[in-house]
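S.K.: what's the 3D shape of this:
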Amino acid sequence: MDDACPPAEIPPLPDAEAFRHWFDRYARSVFNFLCALVGRRELAEELTQETFVRAYEQRATLRDRARVAAWLFGIARNVSREHVREYARWDSLDDIFDGERQPEPTDGTTPDAQLLDAELRFVVRAALAKLEPDKRMVFVLRTFEQYSYEDIAAITGFSVGKVKTDLHRARLEMRRHVRPYLSAGQGGN
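M.R.: Numbering: from 1, shown residues only. Now for the predicted structure:
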């Protein structure tokens, strides 16, 4: 009986202050991730709240506090999948780019440049909406949130190979959808 391995040391549960720090640090990224997945700002806000409620309730399951971001994004992924299963709809991606992630143009920006920027954001949102959900999730995590392949694999539950394959295919699809807009802006070249 004494030959058994001692139980692994479980890190202490984060107190309310530590959890508040996690919220302050990761809420915006989780919100943007969920917004990209579900396509509606109001819904992403609700799912972000649900993500953090579940994270607080499940904080005892976090084994490696250094990987809190991957753990939170995994919870967010599950929350969004449950919502999709429950409601089975993906609406437009009007609010994928949160105002804090896409800064307002500076005073030196011309109205034409502002219009082109808004048009490009619309084209990118439309292209994202055409991606399959798994590819969209991987693309958003790598491109907008800049997570490593290993972190994306931990968040999604996919293998690193699948993450790389889905990301490659998503990039090809995004280029295919965005290229006509960019070519037209350069005089068709």
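
S.K.: spatially speaking, which residue is in the middle of this protein?
M.R.: Residue closest to the average C-alpha location in the chain (CA atoms, centre = their mean): Phe33, at 2.3 Å.

S.K.: I'd like the next helix or strand past whichever strand or helix holds that one.
M.R.: Taking DSSP states H and E as the definition, one finds Phe33 inside helix 16-38. Sequence order places helix 41-57 as the next helix or strand after helix 16-38, per DSSP H and E.

S.K.: And the contacts of that following helix?
M.R.: Outside of helix 41-57, the residues within contact range by CB atoms under 8 Å, 6 or more residues apart in numbering are 19, 22-23, 27, 30-32, 34-35, 37-38, 71-72, 75-76, 79-80, 83, 91, 94-95, 98. C-beta here means a position set from N, CA and C on the backbone, and glycine is covered the same way.

S.K.: try it again with 6 Å
M.R.: If you take CB atoms under 6 Å, 6 or more residues apart in numbering as the criterion, helix 41-57 is touched by 19, 23, 30-31, 34-35, 38, 72, 75-76, 79-80, 95.

S.K.: list the buried ones in the one helix or strand Val178 maps to?
M.R.: According to DSSP H and E, Val178 maps onto helix 160-185. Buried residues in helix 160-185, defined by neighbour count with 16 or more other CB atoms under 10 Å: Val163, Lys164, Asp166, Leu167, Arg169, Ala170, Glu173, Met174, His177, Val178, Tyr181.

S.K.: go on, stretch 133-147?
M.R.: Using 16+ other CB under 10 Å as the test for burial, stretch 133-147 gives Lys135, Arg136, Met137, Val138, Phe139, Val140, Leu141, Arg142, Phe144, Glu145, Tyr147.

S.K.: Secondary structure, pLDDT and distance to Ala118 for those residues - can I get that in a markdown table?
M.R.: Rendered in a markdown table, the data for the buried residues of stretch 133-147 read as follows (DSSP: H, G, I helix; E, B strand; the rest coil; pLDDT from 0 to 100; distance: CB to CB, whole Å):
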| residue | secondary structure | pLDDT | distance to Ala118 |
| --- | --- | --- | --- |
| Lys135 | helix | 93 | 25 |
| Arg136 | helix | 91 | 21 |
| Met137 | helix | 90 | 25 |
| Val138 | helix | 93 | 26 |
| Phe139 | helix | 93 | 21 |
| Val140 | helix | 89 | 20 |
| Leu141 | helix | 90 | 25 |
| Arg142 | helix | 91 | 24 |
| Phe144 | helix | 84 | 18 |
| Glu145 | coil | 84 | 22 |
| Tyr147 | coil | 88 | 27 |
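
S.K.: Among these, which one lies nearest to Arg63?
M.R.: For the buried residues of stretch 133-147, the closest approach to Arg63 (CB to CB) belongs to Tyr147, at 18.8 Å.

S.K.: and the gap between the residue nearest to the centre of the chain and Arg67?
M.R.: Here the criterion is CB to CB, to the nearest Å. By it, Phe33 lies 16 Å from Arg67.

S.K.: same thing with Phe23?
M.R.: Using CB to CB, Phe23 is found at 17 Å from Arg67.
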